[in-house]
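Enquirer: 3D, please:
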Amino acid sequence: MRKYTISFRNALTGIYTATHTQTNIRIHLIATILVLIISIYLQVTLIEGLILILTIATVFVAEMFNTALEFLSDAVTLEHNQLIGHAKDISAGAVLISAILALTIGLFIFIPKFI
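Expert: Sure thing, here's the model as predicted:
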């Protein structure tokens with residue numbers, strides 16, 4: 001049981017580190033709060049709410065993998081390395097794709113409610 005407790009604590013430490021070192025994650029947190037407030041106000045359905053939560057989680061997961069890759073590559077070398085640069089760019093691209101997907105899904109759910 002102690003092994004699982006340590007793993008859980010390490011995971012929470014990772015979330016804390018990501019949220020306290022990465023501006024983009026804090027921006028995503030603000031966006032998440034706004035989406036949740038709007039969802040409550042517009043009374044989204046259970047399915048819509050679950051889709052929004054899944055989409056929000058996808059953005060956070062992508063952002064945290066991006067952060068982990070950046071930390072790891074910076075631990076390897078702070079000097080310019082073309083392959084590490086490509087890896088960081090690809091990882092950032094994954095975050096961008098997930099954020100665009102989240103925005104698109106949000107628009108599909110919210111726009112009809114405003115009309």
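
Enquirer: burial measure for residue 113, as a count.
Expert: Neighbour count of residue 113, defined by other C-beta atoms under 10 Å: 13. Backbone N, C-alpha and C define where each C-beta goes, glycine included.

Enquirer: equivalent analysis for residue 82, please.
Expert: Neighbours of residue 82 (other C-beta under 10 Å): 7.

Enquirer: give me the distance between it and residue 57.
Expert: Remark: distance between residue 82 and residue 57 (C-beta to C-beta, to the nearest Å) = 32 Å.

Enquirer: what does residue 77 give?
Expert: 32 Å.

Enquirer: now swap in residue 1 and tell me
Expert: With distances taken as C-beta to C-beta, residue 1 is found 27 Å from residue 57.

Enquirer: quick one, what contacts residue 87?
Expert: Applying C-beta atoms under 8 Å, 6 or more residues apart in numbering to residue 87 gives the contacts 69, 73.

Enquirer: also residue 109?
Expert: Contacts of residue 109 by C-beta under 8 Å, 6+ apart are 44, 48, 51, 52.

Enquirer: pLDDT, neighbour count and secondary structure added to those residues, as CSV?
Expert: CSV is the format used below for these (pLDDT from 0 to 100; neighbours: other C-beta atoms under 10 Å; DSSP: H, G, I helix; E, B strand; the rest coil):
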residue, pLDDT, neighbour count, secondary structure
44, 96, 19, coil
48, 97, 17, helix
51, 97, 16, helix
52, 97, 21, helix
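
Enquirer: does anything pack onto the worst-scoring helix or strand of the chain on mean pLDDT? Which helices or strands?
Expert: Taking mean pLDDT, DSSP states H and E as the measure, the chain has helix 2-21 as its least confident helix or strand, at a mean of 90. When contacts are defined as 3 or more C-beta pairs under 8 Å, 6 or more residues apart in numbering; DSSP states H and E, helix 2-21 packs onto helix 23-42, helix 46-76.

Enquirer: can you check which of those helices gets nearest to residue 93?
Expert: Residue 93 sits nearest to helix 46-76 of all the helices and strands packed on helix 2-21, at 9.3 Å, using C-beta to C-beta.
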